[in-house]
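> Here's a sequence, model it:
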Amino acid sequence: MANQDYIKRFETMLSECQREGMDKLIEYLRKSDFYTAPASTRFHSCHEGGLVEHSLNVADCLLNKHNNPVWSDRLSEVGRESIIISALLHDICKSNYYVVEMKNKKVYSDHGKKSDSAGRYDWETVPGYTVDDKIPYGHGEKSVMMIEEFIKLKPVERYAIRWHMGYTEAKENWNTISLAIKKYPLVLAIFEADLESTYLLEKEE
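Alright, predicted model coming up:
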């Protein structure tokens, strides 16, 4: 389970958003594994509770852009509610997505130091995460679909969540992403916030 302070803060922020159906969305999250899931299988926040931790980090990075002179004017028309919803729910597609699987891991014989050319290490079976995608509907588009089963998204929220992976998407999508950014700068802002959270605030495990 995630840190209880994280869960409380996450739900408090979502509850600020006066959107019909938000109570049902929060109830869904509680019944899913969202609060226990990792954010990835082996990279950033790859631990129990990592997904909610990552979502809060993205929200913090995105909200901080309001004080950034480069972003303040461009985000002035995007309300706090849209930023919170886009950031906290951008990865809802990862709920009920990961499963625990036993994996082999090298355990070195010389007290944790890497082995020499002789390769002095043993193998140990440890739990790890793997993907079990029960709803193969993509990533950003899947999050949009899941959210709108409970609440109605504004267009800017829909675009930001759909394209939050930015230019890590397939190259064939880059022109579309560029058009989406021109239409809604929040698309680029959340992409940056996601990267900042992943590479600057979270550890690879």
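> Report the separation between Tyr98 and Pro38.
Between Tyr98 and Pro38 the distance is 6 Å, computed by CB to CB, to the nearest Å. Backbone N, C-alpha and C define where each C-beta goes, glycine included.
> and the one helix or strand Thr125 maps to, what does it pack onto?
Using DSSP states H and E, Thr125 sits within strand 121-131. Contact analysis of strand 121-131 by 3 or more CB pairs under 8 Å, 6 or more residues apart in numbering; DSSP states H and E lists strand 98-108 as its packing neighbours.
> In terms of secondary structure, what does the strand it packs on contact?
Counting by 3+ CB pairs under 8 Å, 6+ apart, strand 98-108 packs on strand 121-131.
> so what secondary structure elements neighbour the following helix or strand past the strand it packs on?
Sequence-wise, the next helix or strand downstream of strand 121-131 (DSSP H and E) is helix 140-147. Counting contacts by 3+ CB pairs under 8 Å, 6+ apart, helix 140-147 packs against helix 80-89, helix 155-162.
> any chance of these in JSON lines, plus mean pLDDT, distance to Asp133 and mean neighbour count?
Shown next, in JSON lines, are the helices and strands packed on helix 140-147 (pLDDT from 0 to 100; distance: least, CB to CB, whole Å; neighbours: other CB atoms under 10 Å):
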{"stretch": "helix 80-89", "mean pLDDT": "97", "distance to Asp133": "18", "mean neighbour count": "23"}
{"stretch": "helix 155-162", "mean pLDDT": "98", "distance to Asp133": "18", "mean neighbour count": "23"}
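> Please name whichever of those helices is nearest to Leu200.
Proximity to Leu200, assessed across the helices and strands packed on helix 140-147 by CB to CB, is greatest for helix 80-89 (15.5 Å).
> Which residues does that closest one contact?
Identification of contacts with helix 80-89 by CB atoms under 8 Å, 6 or more residues apart in numbering yields 10, 13-14, 16-19, 25, 55-56, 58-59, 62-63, 75, 143, 147, 151, 153-154, 156-157, 160-161, 164, 186, 190, 193.
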